[in-house]
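In: pasting the structure only:
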Ligand SMILES: Cc1cc2nc3c(=O)[nH]c(=O)nc-3n(C[C@H](O)[C@H](O)[C@H](O)COP(=O)(O)OP(=O)(O)OC[C@H]3O[C@@H](n4cnc5c(N)ncnc54)[C@H](O)[C@@H]3O)c2cc1C
């Protein structure tokens, strides 16, 4: 180990290390007990199976995706028939698959026997919970799906489901009671790194605003440009009609627009490149200018581009400490009575789930984890017949039969494992693209250095992690967020792997490939290095102060559809300009197989996952002709 790594604490025994990384481990091997020092698997004690407490490489963790990738390459497994028959088999235990099970029981058949299969070692899909334990205290963070955004705009079926789960979205403010920003006078900040900007410098104050940049390592002209841009008062398209402005915004990326119309230079373009990473998982070079306008990014001075205000707006945001993992947990608690104690949205936060109950024969709904579906077809090729569903668990293939199936996995894989998908639909499914994202949670022993630095949320335009903030500052039920900077908190750091300059869907592909090849150690070193450089001047010591790291890797993250000819991405389906809507064609029912999931909406949002589940379940109820 070199000196630098040692000073960063790369040798420290924290609750992490993907000692499994890169090794094709047996599925189910991630039976990590809560934060053991060694992280040793403890498969003999099923009671200890509690995946939210596993640290190291999570999200698409080692062991979760290898079988699916092999299936796409054409690999097949020796299988045996298990003799199990279900009224409904659901592929995917994300919010969509879990909602489909709930809606099926509620609206179609309360006695239906349902099996839900998922390739991960935990349920929830993207909506995952991360826990750390330090000195006997548990800290909760979100590993993926962060929050319920604008629930007032949710479609009726999603509003209903959220309500039935007991989530009172209007009470959101009640749980983030302490305003830490005011209490400790922390605000936003920007971290300039020396590799990109020539010197390490943490600027405090509103991003890009006057005062915050005085000592930043930028040229004087770049500072002026940035301040001018963020003041957002100049009309860069003077004299144009709304239609003309719209034409400009629709034919340029945000970067092109800023370069060509706002006349900003390379330093400012570098500054804004990752601005949209957190929201859209794409950079300024790929984000259409009209989207930047819609999101209120600077450079448009409130200009009218002739878009009608089409919808209801809602500023409400509801945050559980573990993000929307609580939505998944509430669904599972409804589906499997006794899996966890409690019956309110507050008590689910600290409810310990008994994973041994997920797949009991006596359950009406069973959840089978670490099980990758590798084949499904209607028996005898008859689209009215039962469906054979084959999954691989460990290295064994098993086939169960189902009267109906809801596919709540990704679109792109289905044609590879289901010969019943018609050719046209298969082509439509291949139009789905997924943006890769990484959400890293870092448990730090105290956040005095943040409080002293005066920052809470930091944008890092040149660094490996483009943003940093404390995880949700939410106290709910028996769970309490830190009351003072002397207490531990989880920091949430984001890394969006992209390849700027390439067409967007190729950037996603390149990012995904890079991500799967990136070991945990790379993330850990970057966490330590970046935090040390940002907060070190205020006393943060990465070797001493980092108590745990969990990397949530999502190679198949946000769901988008792409137009075959133009390469346009359907970021926002309501504003899609092309006639062809591949995600609609792709989500047509195939005999007894219905399609749910956010790919079916080209909309990576919780409400879309629920709405598509509802549509899929209902589509199964429509009689097939003949
Ligand atoms: C990092 C991140 C943050 C997000 N934040 C938000 C947010 O704050 N708010 C919001 O509304 N939305 C957010 N989203 C969008 C999120 O994707 C949706 O909200 C929703 O959770 C998606 O649910 P889903 O069930 O459709 O898909 P997923 O959650 O992807 O679940 C599908 C499941 O099916 C499994 N699967 C696929 N193929 C197979 C197979 N062959 N066999 C077995 N299982 C299979 C997958 O591995 C996965 O577990 C976020 C997404 C990501 C990636």
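Out: Nice, I can see it. None of these values were measured; they are calculated from a predicted model.

In: would you mind listing what in the stretch 101-250 of the chain touches the ligand?
Out: Taking Cβ under 6 Å from any ligand atom as the contact definition, the stretch 101-250 of the chain meets the ligand at 117-120, 125-127, 144-147, 149. Every residue, glycine included, has its C-beta placed from N, CA and C.

In: show me the contacts for the closest residue to the ligand within the stretch 401-550 of the chain.
Out: For the stretch 401-550 of the chain and the ligand, the shortest gap (Cβ to the nearest ligand atom) falls at residue 409, measuring 2.8 Å. By Cβ atoms under 8 Å, 6 or more residues apart in numbering, the contact set of residue 409 is 91-92, 97, 373, 597.

In: from those, which ones fall inside strands?
Out: Those of those mapping onto strands are 91, 373, per DSSP state E.

In: out of the contacts of residue 409, who's nearest the ligand?
Out: After measuring the contacts of residue 409 against the ligand - Cβ to the nearest ligand atom - the closest member comes out as residue 92, at 2.8 Å.

In: around the closest one, how many other residues sit close by?
Out: Neighbour count for residue 92, taken as other Cβ atoms under 10 Å: 26.

In: with residue 593 instead?
Out: Residue 593 has 26 neighbouring residues, counting by other Cβ under 10 Å.

In: with residue 171 instead?
Out: Per other Cβ under 10 Å, the neighbour tally for residue 171 reads 12.

In: strands of the stretch 301-450 of the chain, start to end?
Out: 317-318, 365-368, 372-378, 387-393, 396-407, 432-444 (DSSP state E, counting those that start in this stretch).

In: who does the longest one touch, helix- and strand-wise?
Out: Going back to what we said before, that points to strand 432-444. Counting by 3 or more Cβ pairs under 8 Å, 6 or more residues apart in numbering; DSSP states H and E, the packing neighbours recorded for strand 432-444 are strand 129-134, strand 137-142, strand 489-495, helix 504-517, helix 520-535, strand 546-561, helix 582-586.

In: quick one: residues contacting residue 614.
Out: For residue 614, the contact set (Cβ under 8 Å, 6+ apart) comprises 99-100, 103, 157-158, 161.

In: what about these, which are in helices?
Out: Assignment to helices by DSSP state H places the following of the contacts of residue 614 there: 99-100, 103, 157-158, 161.

In: out of those residues, give me the one that has the most neighbours.
Out: Busiest of the ones in helices among the contacts of residue 614 [other Cβ under 10 Å] is residue 100, holding 33 neighbours.

In: so who does that residue touch?
Out: Residue 100 is in contact with 90, 406, 408, 596, 613-614, 616-617, counting by Cβ under 8 Å, 6+ apart.

In: and it, how far is that from the ligand?
Out: For residue 100, the distance to the ligand equals 9 Å [Cβ to the nearest ligand atom, to the nearest Å].

In: neighbours of the closest residue to that residue other than its chain neighbours, just the number please.
Out: Distances taken as Cβ to Cβ, 6 or more residues apart in numbering put residue 613 closest to residue 100, at 4.0 Å, once the chain neighbours are dropped. Applying other Cβ under 10 Å, we find 32 other residues in the vicinity of residue 613.

In: on that earlier part again, which pair in the contacts of residue 614 has the greatest spatial separation?
Out: With Cβ to Cβ as the measure, no two of the contacts of residue 614 lie farther apart than 100 and 158, at 12.9 Å.

In: now the closest residue to the ligand within the stretch 151-300 of the chain. Nearest residue, chain neighbours left out?
Out: At 8.2 Å from the ligand, residue 281 is the closest residue in the stretch 151-300 of the chain, using Cβ to the nearest ligand atom. Once flanking residues are discounted, residue 281 sits nearest to residue 435: 3.6 Å by Cβ to Cβ, 6+ apart.

In: now do the contacts for the one you found.
Out: By Cβ under 8 Å, 6+ apart, the contact list for residue 435 reads 280-282, 496, 508, 511, 557-558, 560, 604.

In: looking at strand pairing, list the partners for it.
Out: Going by DSSP bridges, residue 435 is paired in beta bridges with residue 558.

In: pLDDT score assigned to it?
Out: Note on residue 435: pLDDT of 98.

In: how much space between the residue nearest to residue 338 when sequence neighbours are not counted and residue 337?
Out: Spatial nearest neighbour of residue 338, chain neighbours left out: residue 357 (6.2 Å); criterion: Cβ to Cβ, 6+ apart. Residue 357 is 9 Å from residue 337, where distance means Cβ to Cβ, to the nearest Å.

In: tell me which of the two has more neighbours.
Out: Between residue 357 and residue 337, counting by other Cβ under 10 Å, residue 357 is the more crowded of the two (17 against 11).

In: just for the stretch 401-550 of the chain, where's the confidence low?
Out: Of all residues in the stretch 401-550 of the chain, none has pLDDT under 70.

In: go again with 90.
Out: For the stretch 401-550 of the chain, applying pLDDT under 90 flags the ranges 451, 454-457, 483-484.

In: how about the residues of it by the ligand?
Out: 408-410, 413, 437, 439.

In: hmm, try it at 5 Å
Out: By the rule Cβ under 5 Å from any ligand atom, the part of the stretch 401-550 of the chain lying against the ligand is 409, 437.

In: what's the neighbour count on the closest residue in space to residue 315 that isn't next to it in sequence?
Out: In space, and not counting its chain neighbours, residue 315 is closest to residue 150: 7.3 Å by Cβ to Cβ, 6+ apart. Residues near residue 150, counting by other Cβ under 10 Å, number 18.
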